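# Generate a structure from the sequence data that follows.
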Amino acid sequence: SPSKKSNPALSLDTLRVFIPPPLRSAMATAGVLQSDDYVPMRDLFTSPSVSFAYERGWRQGFAQAGFPGADEEYDMVRKYFEDVTKDVE
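A predicted model of the protein is given here:
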């Protein structure tokens with residue numbers, strides 16, 4: 001089995017979050033990335049730059065725009081699906 005050092009795609013895949021999504025798709029098609037199973041927006045908040053922006057104002061901007069916040073949104077979703085999840089618990 002090949003080692004990680006002998007396969008540059010393995011190293012590049014670890015940096016996937018830093019590659020813009022359109023470029024990721026093209027790189028996967030060209031065989032540069034190991035797979036093309038990228039799901040758009042899946043790793044948005046795993047990007048250090050997005051996390052940095054979120055913690056320094058983005059979250060507060062959502063609050064000022066009238067969004068209730070993560071805790072309240074969770075409660076809203078839980079209440080919305082309460083009838084459906086009643087049987088699961």
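
# Centre of the chain to the biggest helix by length in the chain, how far?
With DSSP state H applied, the helix covering the greatest number of residues in the chain is identified as helix 70-80. In terms of CA atoms, centre = their mean, to the nearest Å, the centre of helix 70-80 is found 20 Å from the chain centre.

# For that helix, list the C-alpha coordinates in PDB.
Backbone C-alpha positions of helix 70-80 (Å, rounded to 0.1, in the frame of the first residue of the first chain) are rendered in PDB as follows:
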ATOM      1  CA  ALA A  70     -28.800  29.200  17.800                       C
ATOM      2  CA  ASP A  71     -30.400  28.200  21.100                       C
ATOM      3  CA  GLU A  72     -33.800  29.700  20.200                       C
ATOM      4  CA  GLU A  73     -33.600  28.200  16.700                       C
ATOM      5  CA  TYR A  74     -32.900  24.800  18.200                       C
ATOM      6  CA  ASP A  75     -36.000  25.200  20.400                       C
ATOM      7  CA  MET A  76     -38.100  26.200  17.500                       C
ATOM      8  CA  VAL A  77     -37.000  23.200  15.400                       C
ATOM      9  CA  ARG A  78     -37.500  20.900  18.400                       C
ATOM     10  CA  LYS A  79     -41.000  22.200  18.900                       C
ATOM     11  CA  TYR A  80     -41.800  22.000  15.100                       C
END
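
# Could I get the full set of helices for the protein?
If you assign secondary structure with DSSP H, the helices in the chain sit at 8-14, 21-29, 48-53, 59-64, 70-80, 82-85.
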